[in-house]
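Participant: Sequence first, predicted coordinates after that:
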Amino acid sequence: MARTLLAIYPHSARRYDEMLKADGEVRPHWRPFFEHLDAVSPEDMHQRLDFADRRIQENGVTYNVYADPNGADRPWALDPVPLIIPPDEWAEVSSAVAQRATLLNAILADLYGEQTLLAKGLLPPALVYGQHGFLWPCQGIKPPGGIWLHHYAVDLARSPNGRWWVIADRTQAPSGAGYALENRLVVSRVFPEMFRDLHVQHLADFFRDHQDGLAALAPVEGDEQPHIVLLTPGPYNETYFEHAYLARYLGFPLVEGQDLTVRGDTVYLKTLRGLKRVHVILRRQDDDYCDPLELRGDSALGIPGLINVARAGRVTIANALGSGLLASGALMGFLPAICRHLLGEKLAMPSVGTWWCGEKPALDYVKENFDDLVIKPAYPTQRMEPVFGHELEGEAREEMLRRIEARPHAYVAQEMVNLAQAPTWSRAHERRLIARPVGLRAYAVVNAEGEYSVMPGGLTRVAQGAGARIISMQRGGASKDTWVLTNGPVSEFTLLKPSFGVRDLVRAGANLTSRVVENLFWLGRYSERFDDSARLLRVALARLVDVGGEKTAAVASVMELAERLKVLPTPEEDSEPAEGGEHVLLEAIYDPAQPGSLAANIRSLMWSATHVRERLSLDHWHSLNRLQREQQAAQKKHPTLTEAIAFLDRVLLVSSSLNGFAMDNMTRDDGWRFLIIGRRLERLSFLARGIAGFLRMDSARGQGCLEWLLEMADSIITYRSRYSRQAELLPVIDLLVFDESNPHGVMFQVNVLSRYLERMAHELGADYDARLSTASERLRKFSLEQFEHLQFSQCRSCAPCDELATLLEDLVAAAGHLSDGLGMRYFTHVGDVSRQTMAL
Amino acid sequence: MEPVRYHVLHETRYDYGSNVSLSQQQLHLSPRFLPWQQVHEQRIVIEPTPTWRRDGLDAFGNPVSWISFNAPHDSLCIRSAMNIAVLPHLPDEAMLDASIPWEELRERLAYDALEPLPEDLDAARFLFESPHVRVKHELAAYAADCFPPGVPVLIGARALMAKIFEEFEFDPEATTVSTPVLEVLENKRGVCQDFAHLMIACMRALGLAARYVSGYLLTRPPPGKPRLIGADASHAWVSVYAPGTADNWVDFDPTNNLLPDTEHITLAIGRDFTDISPLRGIILGGGGAEPEVAVTVVPLDEEEIPAALLAEPEAGAAEA
């Protein structure tokens, strides 16, 4: 047994330690967990950490998705050691958080209603009228059920004496509950025995309360079922992962502003099957971006007319538009008096000492005690990082003071808190616990009774350095799961495996937004496109390696076809003929900047997948992540030809698993049909273009060319099993074009497409596009007998080859027409955005 | 004194060039209630007929209408016609002199944790930054010489109005609706909206309340007097908070350096242009979206009233 972890765990007199009492003894509620942790062998712990990291990476838990042009998402940093809170202590925290949510809701009701708080002097007008967050058009709107604040987060910190304090209120669109959930799913599996034995309260009840609370506030009419959507600003948002994650977990469609449309005083979701009324919008988009008609006119994200729907009481917006106002730290000092006035109670949990400089006495205090304070913006819309008074010297200090003097109402000062510290597993050592400052973000949601339910747990945030005063995920902090223990039984309710009712089954297809369908279609096209180009590149590379890097006739003809298919760039007129072609091929694999390259296709694939993330199974997503990691890893080194082939092998393996997931794991709804249509359309046009190009190429008459054509079309095994002899034109063309049982044949694609298109035309009441069937009928009539006596190696643009090539090219044109037609009819047309007009 | 009666026609026309499939518009085209203004008749004719409409009052008490169009259309025409009487309400010199000293008013408007007077709280809505009115120290510095210690707030405001009128040039080409106030201050050019925003920003930078007024100006040049600038367009001016005066607020027109009386017709009052822009909309589709706006103000005692003002709305058009 190694020495105990306590031997080197640092003790601090200046901070409260979550695990240790002042005398250095482990607190009773930590003892079982600590002993367990102390007993785990380094190897075992190593495995557990690996498991956690892998899960996070494979689930694609990221903060800041796609902020980086290289798509380098930063994985979520999770410390496996949870923060443990005993039942009695949590009871106090929980009731204080619920009280605060109730209070903030009452303040919103007052400020957007009668404004008695202003009339009584309990709040300064500057903190209401002076804030951009106070949305004037929302004045006088009374939301359904009198609820403005449906979900709320509060940042808590523990001072050295063990008391919890409020650091900040999050009332706009509080984030992190989804990360807390994900942390739980990981950590409860890292320490499954402890999780069970310690009676850790589950989180599912909280999310059910959230669902029920929103459903109860849905302004439904007649027998309408509440239709709740989660509104996201889109994949560029730093917490998009969470939006998609929560949408799937809660069972709400994930929508963007352009998915919704207002007609009169009703808001609808644009779906494949027409407009569908929305009753509740759980918004993760800031409120001033929500309606360009009356709020920020420059916002393309918004839903024009949404405020009028709210005015008519025909939608619940959670949180109500205008709720962001209360995130101002300047309000904190006024809350105790307001709490007494509005609720007739004492404010249960104090806020950290806060001085709003807009009051003369407060300003004087701030100037006198500058070194002990943190200066923050008074309004959440101001862009300013917190400034520590003691860190400012000389001119910088004078400048800050001048700025405060000039606009005192725009600044608050807060007392500095020595955050509590909690044990954190060191990644730098084999076996060591280190102490890191932590803060807790707690969550409350309004439940079906109109009261606030508090999440038993929350997101524990860990500062990066031992002496840190600020915790920020943007600055590279980590997070922990939060274990709230209970004396009673643990609720076993789970949302992860919901039992489906008839209602859910009906919802599945009908709720498909046009945007999701559009992205699924492109997901299908891109996944086939990268598969096709990988196969073609592998054919070329394999031949190049076989002959030791020399550009033989066969290699040249594959490369010529690849150029025709735009997998390789067209060589410029006066450029030197590439020696060997190795460089060109490697670039076509690894260079994402080259249009049509494999890397570029993978990026497009990831892009469309990100947009429909909530529709993909976790395994599906894992495969996509693996694909991207493979590609990113390969980009960094200079691979050899053999390595490139190995890379293509792996990529094609992932591709077939992607295809498998699409076939096996996705519901057969309209969205899936569009994915398959996209895939088949892409394969059809790749094959038809490829075979037509092949027939027209003189270089294709060489030795071994029909073999590589079969390989490119993934049909070499079938061919050999049927005709155990050298490839000849007639059987090859029959297999690749006319054989309706070959899933890599042209006719097979045509048949599948026709079947789905007919079905869609029938179900969605659309016209059936006849061009594809006309073109395929003409192809079907082509007489293969013409090839019977043809010496393919001898012929040069002979009539039968030309005729077949032309028929195939017509088919490609028909497929292109079909793709455009689908876009016109069913898709959102992301390019066509609303714009503002203004007349004097 | 006798009221002066007017016919006003305010016509806005959009020719989009191609079809607009969805359009939502917010109208601030109906005059608000004021003690010195009587609206005898007002109607708004809209072509094509909106699919949906809602009328109400905005947060500042101005009449507002929201309309939407769900069917494709390639033009939009909104004609607002009104018959309105304006009573003389020009403050006299003694009233300006007797107004509260500006520092005293500033102190009154500052928060002191006591119950504010209702009129002061009402004025506080117009005390802070708003989308078009940034409150910066450059603005307080610009206005400083108009507000020496102890000067009554309305005397100071009049001096500021005169200073803006003297130092700034009316230039419709110099600015757009989104030109920031500080840029206007630097370039010393603009139109009535810019001068109103600038004067409001200066007042607020001093800790005083000022609001933005939109409306119309009589366009007939009185005999022997120069023609007033701002004709044939909607106009904008400023209203300054001065508790103790008849209405607690006194209007100033920095574009024309005068105190509005019976030649200014008020439509709406807000923190700035954003709150009360006459016609603000969001369209989906369409090509060009530059409106043609024509405003005609005719005193009713004039013998000839343009036929357009008397024309009945065309069949099928909606009526307010």
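Facilitator: Good, I have the coordinates. Residues are numbered from 1 along each chain as shown, chains lettered A, B, ... in the order given.
Participant: switch to C-alpha atoms for all contacts and neighbour counts from now on
Facilitator: OK.
Participant: Three-state assignment for the residue nearest to A:Gly297 when sequence neighbours are not counted, please.
Facilitator: Closest residue to A:Gly297 apart from its sequence neighbours, by C-alpha to C-alpha, 6 or more residues apart in numbering or on different chains: A:Gln836 at 6.2 Å. What DSSP: H, G, I helix; E, B strand; the rest coil gives for A:Gln836 is strand.
Participant: Equivalent analysis for A:Ala815, please.
Facilitator: Here A:Ala815 is helix, with the state taken from three-state DSSP.
Participant: Tell me how far it lies from A:Arg689.
Facilitator: 11 Å (C-alpha to C-alpha, to the nearest Å).
Participant: Can you report how many residues neighbour residue 25?
Facilitator: As the question left the chain open, I've gone with chain A. 11 (other C-alpha atoms under 10 Å in any protein chain shown).
Participant: my bad, chain B
Facilitator: 25.
Participant: contacting residues for it?
Facilitator: With contact taken as C-alpha atoms under 8 Å, 6 or more residues apart in numbering or on different chains, B:Gln25 is in contact with A:293, B:66-68, B:279-282.
Participant: JSON lines for those, including neighbour count and secondary structure?
Facilitator: JSON lines is the format used below for the contacts of B:Gln25 (neighbours: other C-alpha atoms under 10 Å in any protein chain shown; DSSP: H, G, I helix; E, B strand; the rest coil):
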{"residue": "A:Leu293", "neighbour count": "28", "secondary structure": "coil"}
{"residue": "B:Trp66", "neighbour count": "22", "secondary structure": "strand"}
{"residue": "B:Ile67", "neighbour count": "20", "secondary structure": "strand"}
{"residue": "B:Ser68", "neighbour count": "24", "secondary structure": "strand"}
{"residue": "B:Leu279", "neighbour count": "18", "secondary structure": "strand"}
{"residue": "B:Arg280", "neighbour count": "22", "secondary structure": "strand"}
{"residue": "B:Gly281", "neighbour count": "24", "secondary structure": "strand"}
{"residue": "B:Ile282", "neighbour count": "25", "secondary structure": "strand"}
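Participant: Tell me the one of those nearest A:Pro350?
Facilitator: A:Pro350 lies nearest to A:Leu293 out of the contacts of B:Gln25, by C-alpha to C-alpha, at 39.7 Å.
Participant: Would you mind measuring from the closest one to B:Gln24?
Facilitator: For A:Leu293, the distance to B:Gln24 - C-alpha to C-alpha - is 7 Å.
Participant: before we move on, what about B:Ser80?
Facilitator: Following C-alpha to C-alpha, the distance that separates B:Ser80 from B:Gln24 is 18 Å.
Participant: Comparing these two, which residue is more hemmed in?
Facilitator: Taking neighbours as other C-alpha under 10 Å, B:Ser80 and B:Gln24 compare with B:Gln24 leading, 26 against 21.
Participant: Give the closest residue to the more buried one in space, chain neighbours not counted.
Facilitator: In space, B:Gln24 is closest to B:Ser68, 4.3 Å off (C-alpha to C-alpha, 6+ apart).
Participant: I'd like to know the beta-bridge partner residues of that neighbour.
Facilitator: B:Gln24, B:Trp52 (DSSP bridges).
Participant: doesn't A:Gly264 make contact with it?
Facilitator: Yes: counting by C-alpha atoms under 8 Å, B:Ser68 touches A:Gly264, with 6.7 Å between them.
Participant: any common contacting residues for the two?
Facilitator: B:51-53.
Participant: which of the residues you listed lies closest to chain A?
Facilitator: The nearest member of the shared contacts of B:Ser68 and A:Gly264 to chain A, counting by C-alpha to the nearest C-alpha, is B:Trp52 at 5.4 Å.
Participant: Distance of the residue nearest in space to the middle of chain A relative to chain B?
Facilitator: With distances taken as C-alpha atoms, centre = their mean, A:Phe241 lies nearest the centre of chain A, 2.9 Å away. Per C-alpha to the nearest C-alpha, to the nearest Å, A:Phe241 is found 30 Å from chain B.
Participant: Next secondary structure element downstream of the longest helix seen in chain A?
Facilitator: Ranked by residue count, the top helix of chain A under DSSP state H comes out as helix A:514-546. Per DSSP states H and E, helix A:514-546 leads on to helix A:553-564 as the next helix or strand towards the C-terminus.
Participant: chain center to that following helix: distance?
Facilitator: Here helix A:553-564 is found 40 Å from its chain centre; the criterion is C-alpha atoms, centre = their mean, to the nearest Å.
Participant: Could you tell me which residues within that helix count as buried?
Facilitator: Neighbour counts over helix A:553-564 (16 or more other C-alpha atoms under 10 Å in any protein chain shown) mark A:553-562, A:564 as buried.
Participant: nearest to B:Glu93, of those residues?
Facilitator: A:Arg564 (86.3 Å).
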